[in-house]
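Undergrad: task: produce atomic coordinates for the following.
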Amino acid sequence: MKSLMLSGPGALTWEDVPEPEISTPEQALVRPIALATCDIDPAVLRGTFPLPWPYPFGHEGVVEVVAVGEDVRAVRVGDRAVVPFQISCGTCRPCLRGHTGNCASHPPLSTFGLGTLGGLAWGGLWADLALIPHADAMLVPLPAGVDPATVASASDNIPDGYRAVGPQLAADPGAEVLVIGGPAAPSIGLYAAGLAVALGSDRVVYLDDAPDRLAIAEKLGAQAIEGRRDTRVGRFPITVEAAGGAKALRAAVDATAYDGWCTSVSVQLSDVALPIFDMYSRCCTFHTGRAHARPVIPAVLDLVAAGRFDPSLVTSVTVPWDDAVAALQETPMKLVAVR
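TA: This is a model prediction of the structure:
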């Protein structure tokens, strides 16, 4: 079979690799049908994000089940499902607590398609076939009527946006939200803004300096404000930093109201000084880290199926499978390839 391999900046080739085979009764074999780029993929493809090559590419997508082990009950052959990018067993203590990104049954950071960072054994989703090690725990069936291309990023980036606003709005219904958008996690910031609107925030402000992202935020129902990342637009019970860099992170913390939540969804590659005493005085809850994707995927899919949230508004380019390599080399913000 063919698997897409990344061997350097923009160096993508389809290579012949052995077909995966079901070897234990809880596994499933799947055929990817709609795949998306993650927010770090463009940076990796440009050579500006430090992931060592070569490795099999891709970790976001919707699949069709082609074979299942004898113990699999959640899906059947022919079903379509979202694959969470993190490998999780569903039965260990972290998984049972909803911390599926830290599954204790596998090495830390185990994921599809992120090279040595996630473990090369899992392969990438940009391939003819992929093996799902814990099908009942991992695969999330696609609701009827939902286009696979619309939710191709429900493996990672959409849940990443959800975790920054969903639990917070459940605890404080209607709370106002500020998203500081930017190039570090561009789609995640936009997903967070759209999800906050869908989840009933009374006011969602999206701050960015890029006209294209501001236009998308408006389509998602947010109030788009053009400005620098440290532009003061008030204080908010819920803030999200998706721009990257110390200035944006400090701005998000400073904009968080008393007893508020601030979530950084960007990857900070260097230490950032935080105003700890001021955060202490305001009772500011700050969170950063990898999203635990699997537990929130059903909630995301329900919002899409109900027509309350349309993640396709964030997609930059949709291409046929055979045109994927050329499109990936252009490094658009959010690429979806379908077959």
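Undergrad: any idea how far residue 129 is from residue 301?
TA: To residue 301, residue 129 is 23 Å away according to C-beta to C-beta, to the nearest Å. Where C-beta positions appear, they are placed from N, C-alpha and C, glycine not excepted.
Undergrad: same deal with residue 63?
TA: To residue 301, residue 63 is 14 Å away according to C-beta to C-beta.
Undergrad: again with residue 134
TA: 19 Å.
Undergrad: can you check residue 189 too?
TA: In terms of C-beta to C-beta, residue 189 sits 21 Å off from residue 301.
Undergrad: try residue 269
TA: Remark: distance between residue 269 and residue 301 (C-beta to C-beta) = 32 Å.
Undergrad: the more surrounded of those two?
TA: residue 301 (21 against 10; other C-beta atoms under 10 Å).
Undergrad: tell me the contacts of that one?
TA: Residue 301 makes contacts with 82, 140, 142-143, 146, 151, 154, as judged by C-beta atoms under 8 Å, 6 or more residues apart in numbering.
Undergrad: that one: which element?
TA: Here residue 301 is covered by helix 297-305, with elements defined by DSSP states H and E.
Undergrad: pLDDT below threshold where in this structure?
TA: Of all residues in the chain, none has pLDDT under 70.
Undergrad: 90 instead, please
TA: In the predicted model of the chain, residues 49-53, 120, 269 satisfy pLDDT under 90.
Undergrad: tell me, what residue is most central in it?
TA: With distances taken as C-alpha atoms, centre = their mean, residue 157 lies nearest the centre of the chain, 1.5 Å away.
Undergrad: next, that one: phi, psi?
TA: When quoted as degrees, to the nearest 10, the phi and psi of residue 157 stand at phi -70, psi -40.
Undergrad: so residue 60 bridges to which residues?
TA: residue 36 (DSSP bridges).
Undergrad: what does the one 5 residues further on give?
TA: With DSSP bridges as the criterion, the beta-bridge partners of residue 65 are residue 30.
Undergrad: begin at 44 from here
TA: Shifting the count to begin at 44 puts that one at residue 108.
Undergrad: check contacts around it.
TA: Residue 108 makes contacts with 71-73, 118-124, 178, 182, as judged by C-beta under 8 Å, 6+ apart.
Undergrad: elements contacting the helix or strand where residue 249 lies?
TA: Assigned by DSSP H and E, residue 249 belongs to strand 247-251. When contacts are defined as 3 or more C-beta pairs under 8 Å, 6 or more residues apart in numbering; DSSP states H and E, strand 247-251 sits against strand 220-223, helix 229-241, helix 254-262, strand 266-269.
Undergrad: what's next to the last one, contact-wise?
TA: Around strand 266-269, the neighbours that count as contacts under C-beta under 8 Å, 6+ apart are 246-252, 254, 257-258, 260-261, 274, 276.
Undergrad: pull the most distant pair out of those.
TA: 246 and 254 (21.6 Å; C-beta to C-beta).
Undergrad: neighbour-wise, which of those two wins?
TA: Between residue 246 and residue 254, residue 246 has the larger neighbour count (other C-beta under 10 Å), namely 15 against 10.
Undergrad: pretty sure that one contacts residue 218?
TA: No. The criterion here is C-beta atoms under 8 Å, and residue 246 misses it with residue 218 at 9.1 Å.
Undergrad: mind exporting stretch 205-221 as CSV, just the C-alpha atoms?
TA: C-alpha atoms of stretch 205-221 as CSV (Å, rounded to 0.1, in the frame of the first residue of the first chain):
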residue,chain,number,x,y,z
TYR,A,205,-13.5,23.0,22.3
ARG,A,206,-11.4,22.3,25.5
ALA,A,207,-10.6,26.1,25.7
VAL,A,208,-14.3,27.2,25.9
GLY,A,209,-16.6,24.2,26.3
PRO,A,210,-16.1,23.2,30.0
GLN,A,211,-15.7,26.9,30.9
LEU,A,212,-19.1,27.8,29.4
ALA,A,213,-20.7,24.8,30.9
ALA,A,214,-19.6,26.1,34.3
ASP,A,215,-20.4,29.7,33.5
PRO,A,216,-23.2,29.8,30.9
GLY,A,217,-23.3,32.8,28.7
ALA,A,218,-19.8,34.0,29.8
GLU,A,219,-18.1,36.4,27.4
VAL,A,220,-15.0,35.0,25.5
LEU,A,221,-11.9,36.6,24.1
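Undergrad: apart from its neighbours in sequence, what residue is nearest residue 273?
TA: Of all residues not flanking residue 273 in the chain, residue 294 sits nearest, at 4.3 Å (C-beta to C-beta, 6 or more residues apart in numbering).
Undergrad: residue contacts, that neighbour?
TA: 223, 272-274, 284.
Undergrad: which of those tops the neighbour count?
TA: Ranked by the number of neighbours (other C-beta under 10 Å), the contacts of residue 294 place residue 284 first, at 33 neighbours.
Undergrad: show me the contacts for residue 170.
TA: Here residue 170 is in contact with 44-47, 60, 75, 99, 101 (criterion: C-beta under 8 Å, 6+ apart).
Undergrad: which residue ranges of the protein form helices?
TA: Secondary structure of the chain (DSSP state H): helices located at 84-89, 136-139, 178-181, 200-214, 229-241, 254-262, 289-297, 319-325, 340-348, 367-372.
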